[in-house]
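Student: Quick one, what's the 3D model for this:
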Amino acid sequence: MQKQSQPKQRSKEEINDLIQQYQLHQDEYAQEQLVEQYYKLVESIARKYSKGRPYHEDIVQVGVIGLLGAIRRYDASFGKTFEAFAIPTIIGEIKRFLRDKTWSVHVPRRIKELGPKIKATAEELTTALQRSPKVEEIADALEVTEEEVLEAMEMGKSYQALSVDHSIEADSDGGTVTLLDIVGNVDDGYEKVNQMLVLEKVLHVLSDREKQVIQYTFLENLSQKETGERLDISQMHVSRLQRRAIKKLQEAIHAENEGSEYIL
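Tutor: Here you go, the predicted model:
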């Protein structure tokens, strides 16, 4: 359907007449006129929820579905204007879409809805009991089974999968890396061996202290704080040494294997 850039402005009575035409006779022309009338409103609402997301057009279309639902259900006798009725309906449809969209695996609706209740109940019980509640206590409070609580808690881990391009803070100075920089492949044993062999060839470019930092933070998986405690230096100092060491190694590896790609 082609939308008008500047739809005709209609009075409240005209809007109500179009809605009645559609509700009584399934008049497609009336429906089309109403969608054109409120399309910009839908876009405005969608824009608030699509900020930073790549599927703005999908959200707009979901908002239109909410608008159509409002047209079907609106009753002028309730005393509300159509706009006052339609806006919450559109928002509700968009929120349901986003709730479903941001789960990385299909999860039954009852489990999705149980998750927030578990969190709220757990917080209330923690305050009341002065300790973390048991699963059976949460289940009793919500009048559900322990299996349902455990299932909801487990499924909650699948909520809103992150892109591999998602940036995370890597050090105390605000430096960042992406998830792609730090996650490995499913079967990465050979690649790790290859990386270690290359790494051994270029370790000579590092100072003794830089080697220690790389050893602790990358090979032993210690945090910067733990590394600092072991070396008796500050976390900020560890961060600087780590960045400097990585830069040296990257340059050395590039020189050693020009054209090859390695992840440190």
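
Student: now the helices for this protein?
Tutor: Listed in chain order, the helices of the chain (DSSP state H) span 12-25, 28-50, 56-73, 82-101, 109-129, 135-142, 146-155, 179-182, 189-202, 208-214, 224-231, 235-256.

Student: Now do the second one: which elements does it pack against?
Tutor: Based on contacts counted as 3 or more Cβ pairs under 8 Å, 6 or more residues apart in numbering; DSSP states H and E, the elements that helix 28-50 packs against are helix 12-25, helix 56-73, helix 82-101. In short, each C-beta sits where N, CA and C put it, glycine included.

Student: Convert the C-alpha atoms of the shortest one to CSV, please.
Tutor: In CSV, the C-alpha atoms belonging to helix 12-25 read as follows (Å, rounded to 0.1, in the frame of the first residue of the first chain):
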residue,chain,number,x,y,z
LYS,A,12,-12.5,13.1,15.4
GLU,A,13,-16.0,12.4,13.9
GLU,A,14,-14.5,11.6,10.5
ILE,A,15,-12.0,9.2,12.1
ASN,A,16,-14.8,7.5,14.0
ASP,A,17,-16.9,7.2,10.9
LEU,A,18,-14.0,5.5,9.0
ILE,A,19,-13.5,3.1,12.0
GLN,A,20,-17.2,2.2,12.0
GLN,A,21,-17.2,1.6,8.3
TYR,A,22,-14.4,-0.8,8.6
GLN,A,23,-15.8,-2.6,11.7
LEU,A,24,-19.2,-3.0,10.2
HIS,A,25,-18.4,-3.7,6.6
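
Student: So which elements touch that helix?
Tutor: helix 28-50, helix 56-73, helix 82-101.

Student: cool, and the longest one?
Tutor: Using 3+ Cβ pairs under 8 Å, 6+ apart as the contact criterion, the neighbours of helix 82-101 among helices and strands are helix 12-25, helix 28-50, helix 56-73.

Student: Could I get the ones you listed in a markdown table, plus columns for mean neighbour count, mean pLDDT and distance to Arg131?
Tutor: As requested, these are arranged in a markdown table below (neighbours: other Cβ atoms under 10 Å; pLDDT from 0 to 100; distance: least, Cβ to Cβ, whole Å):
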| stretch | mean neighbour count | mean pLDDT | distance to Arg131 |
| --- | --- | --- | --- |
| helix 12-25 | 15 | 92 | 55 |
| helix 28-50 | 18 | 90 | 38 |
| helix 56-73 | 19 | 91 | 42 |
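
Student: Kindly provide the distance from Glu229 to Tyr39.
Tutor: 60 Å (Cβ to Cβ, to the nearest Å).

Student: show me where pLDDT drops low in the stretch 51-200 of the chain?
Tutor: Along the stretch 51-200 of the chain, the parts satisfying pLDDT under 70 run over 52-53, 100-112, 151, 154-200.

Student: let's go with 50 and repeat that
Tutor: Judged by pLDDT under 50, the stretch 51-200 of the chain has its weakly predicted residues at 104-105, 158-164, 166-174, 177-191, 193.
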